[in-house]
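Asks: Here is a sequence together with a model predicted from it:
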Amino acid sequence: DVKVTQSSRYLVKRTGEKVFLECVQDMDHENMFWYRQDPGLGLRLIYFSYDVKMKEKGDIPEGYSVSREKKERFSLILESASTNQTSMYLCASSPGGVNTEAFFGQGTRLTVV
Amino acid sequence: GDSVTQMEGPVTLSEEAFLTINCTYTATGYPSLFWYVQYPGEGLQLLLKATKADDKGSNKGFEATYRKETTSFHLEKGSVQVSDSAVYFCALRGKAAGNKLTFGGGTRVLVKP
């Protein structure tokens, strides 16, 4: 069965901290994505990756960076957490190709205080 | 850039009513189109997809037709059940490198008995 695992369901961090959100997939997928989900705004793409060490900015990359050193793992980094980064973060993976389905993790609800 | 616009909710219906959720898109070339669903407390999962013009995707009684001339992919179900209460997301996947996956704002549907 397909599995995308995010390291934490709930996280509370302080303003200014460096925060790491981890995502692991077990399907040998080429593509991985990070989104944030906010009420009324839907899912907004932060970064995505289509190969190891490759990354592309999404629609809202400011304040975030990513790392993909191994195919199965895609990390989202908040360099200096701020309260406006309080949100639900969703990771997804998919095979390469325009017609393929993306599989989502359960999400990490991050609160920055 | 790519974008997806869908009707805002919440949409409140009685059981057995007809459901339509409008979705229009802007994209370069001919993307693939998807509907994802998020049930309460769960992650996103694929509901249906269409990969070329005039294709009809269907699943669980839901249908959507890829209309290139109106750049639309409206979701319909003839008779909803309480268990259809969820948030529905329209999405497109473009052909550029990495096949970026872009979502609309989501539509919350509440079906009352």
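Replies: Received the coordinates, thanks.
Asks: quick one, phi psi at A:Tyr50?
Replies: Backbone geometry at A:Tyr50, expressed as degrees, to the nearest 10, gives phi -110, psi 10.
Asks: Please name the nearest non-neighbouring residue to it.
Replies: B:Gly98 (3.7 Å; CB to CB, 6 or more residues apart in numbering or on different chains). The C-beta positions use only the backbone N, C-alpha and C, and glycine is treated the same way.
Asks: pretty sure the one you found contacts A:Tyr47?
Replies: No: judged on CB atoms under 8 Å, B:Gly98 makes no contact with A:Tyr47 at a distance of 10.3 Å.
Asks: list residues touching both of these two?
Replies: Taking CB atoms under 8 Å, 6 or more residues apart in numbering or on different chains as the contact rule, B:Gly98 and A:Tyr47 both touch A:Glu56.
Asks: neighbour count winner among the two?
Replies: Remark: of B:Gly98 and A:Tyr47, A:Tyr47 carries more neighbours, 23 against 20, as counted by other CB atoms under 10 Å in any protein chain shown.
Asks: The more buried one sits in which helix or strand?
Replies: strand A:42-51 (DSSP states H and E).
Asks: repeat for B:Gln45
Replies: Assigned by DSSP H and E, B:Gln45 falls in strand B:44-50.
Asks: how about the residues of chain B near chain A?
Replies: B:1, B:8, B:31-32, B:34, B:42-46, B:49, B:51, B:89, B:93-95, B:97-106 (CB under 8 Å from any CB of the partner chain).
Asks: Separate out the buried members of the residues you listed.
Replies: Among the residues of chain B next to chain A, those classed as buried by 16 or more other CB atoms under 10 Å in any protein chain shown are B:31-32, B:34, B:43-44, B:46, B:49, B:51, B:89, B:93-94, B:98-106.
Asks: Identify the residue spatially nearest to B:Ser83, adjacent ones excluded.
Replies: Per CB to CB, 6+ apart, closest to B:Ser83 is B:Val111, 7.8 Å.
Asks: Many thanks, have a good one.
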